[in-house]
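> Sequence first, predicted coordinates after that:
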Amino acid sequence: MECPAGTAAELNKRGLPLNAIGFYEPIPYHAVYRTWWFPCTVCKWPMKISKRMSAGREYYRVACLYGRHADTGASFMFRPTSGDAPQLHPDSPDTPPPHEAALALGTMGAVPEAQPVEGHLALKRGVWRYTCVPGLHELRLHTVLREHLAAALADVDEAVKLWPMSDAYDHRIEVKGPDGSTHVFTVDVKDYTHGRVLAESLHRNEGDKGGAKWLVVPDHRADQIPLLTVTCHKYGMKAATMTDFAKMVCQSAGVVWA
């Protein structure tokens, strides 16, 4: 998930398993302008390039196919060029920052440079969307919880674990409260466009198939929580947004969320 696109040499340096190269393919056609492509400022996957017209003049919009990334800064434009690589400009310079603050994936201010199509590979679309994109949220939640809980835990590496149990679920967090009580959270982070599809998946598996007791969704999926709360209750689980969950964990450990 940290290398969704790159040259073969760059991918080899990542120490990927031998079969992992099969998940990569040439830069997709929808992301190519002449001989160039542009990585998303959040996920680094090739952004979609589409031709537009304004006042009779042609221009191109470049935006991540994952809507949240595009809505929070990974959206640009450029005018046609004849030879040199295009220079991108933000198409919405007044885009407000994401409301989730500490857990937001950074997009603001960065402008990607054109990359040559030749010699570059990118993850297949399905792998990018259903492994890479959710994985960024998993990593961010892990990083932020470690930062907030470090002062309260004797061994943060042992207490805040990412992908334990061979990735049966995404996080296992164990903290002690001010009264000495122990709190254990097993968490699966899910990022589905439609909450009903996620709820149906929970029904099919009779809960989380890995055994997680918490189902956590990115903050921009907050409208899914009412449905997921009802569904999770049937299987002894709870649902929360990333920020609400992180605040609750910190509160359990006697740590102030700031």
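Everything's here; your move. Since the model is a prediction, treat every value here as computed from it, not as a measurement.
> how about the helices in the stretch 151-258 of the chain?
If DSSP state H, counting those that start in this stretch is used as the criterion, the helices of the stretch 151-258 of the chain fall at 156-159, 164-167, 195-205, 225-233, 242-252.
> Just give me the longest helix of this structure.
The residue-count maximum for a helix in the chain (DSSP state H) belongs to helix 133-149.
> can you give me the mean pLDDT across that helix?
Helix 133-149 shows a mean pLDDT of 94 in the predicted model.
> how much does that helix deviate in direction from helix 242-252?
Using axes from the mean of the first three to the mean of the last three C-alpha atoms, to 10 degrees, the inter-axis angle of helix 133-149 relative to helix 242-252 is 30 degrees.
> So, low pLDDT: which residues of the stretch 1-150 of the chain?
1-2, 15-18, 93-101, 106-109 (pLDDT under 70).
> can you rerun that using 90?
Within the stretch 1-150 of the chain, the segments meeting pLDDT under 90 span 1-3, 6-22, 53-57, 71-73, 80-84, 90-110.
> For stretch 149-167, measure first residue to last.
Between the opening and closing residues of stretch 149-167 there is a gap of 22 Å (C-alpha to C-alpha, to the nearest Å).
> which residues are in contact with that stretch?
Contacting residues not belonging to stretch 149-167 are listed as 138-139, 142, 145-146, 170-175, 210, 249-250, 253-255 [C-beta atoms under 8 Å, 6 or more residues apart in numbering]. Every C-beta, even on glycine, is put in place using the N, C-alpha and C of the backbone.
> Tell me the secondary structure at Trp128.
Here Trp128 is recorded as helix under DSSP: H, G, I helix; E, B strand; the rest coil.
> What is the burial count for it?
Per other C-beta atoms under 10 Å, the neighbour tally for Trp128 reads 23.
> wouldn't Phe245 be in contact with Asp188 here?
No: counting by C-beta atoms under 8 Å, Phe245 stays clear of Asp188, with 11.3 Å between them.
> Give me the common contacts of those two.
Shared contacts of Phe245 and Asp188, defined by C-beta under 8 Å, 6+ apart, comprise 214, 216.
> picking up where we left off before, quick one: buried residues of the longest helix of the chain?
Using 16 or more other C-beta atoms under 10 Å as the test for burial, helix 133-149 gives 133-142, 144-146, 148-149.
> Also stretch 44-62?
44-49, 60-62.
> what separates that stretch from the chain centre, distance-wise?
Taking the mean of its C-alpha atoms, stretch 44-62 sits 24 Å from the chain's own mean (C-alpha atoms, centre = their mean, to the nearest Å).
> swap in stretch 83-91?
On C-alpha atoms, centre = their mean, the centre of stretch 83-91 falls 26 Å from that of its chain.
> Name the residues that touch that stretch?
Against stretch 83-91 from outside (C-beta under 8 Å, 6+ apart): 33, 36, 38, 60-63, 73, 75-80, 111-114.
> could you pull out the strands for the stretch 51-200 of the chain?
Remark: strands assigned in the stretch 51-200 of the chain by DSSP state E, counting those that start in this stretch are 57-63, 75-78, 89-90, 115-116, 120-123, 160-162, 171-176, 182-189.
> JSON lines please, covering those and showing distance to Leu202.
Formatted as JSON lines, the strands of the stretch 51-200 of the chain follow (distance: least, C-beta to C-beta, whole Å):
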{"stretch": "strand 57-63", "distance to Leu202": "31"}
{"stretch": "strand 75-78", "distance to Leu202": "33"}
{"stretch": "strand 89-90", "distance to Leu202": "38"}
{"stretch": "strand 115-116", "distance to Leu202": "39"}
{"stretch": "strand 120-123", "distance to Leu202": "27"}
{"stretch": "strand 160-162", "distance to Leu202": "22"}
{"stretch": "strand 171-176", "distance to Leu202": "18"}
{"stretch": "strand 182-189", "distance to Leu202": "10"}
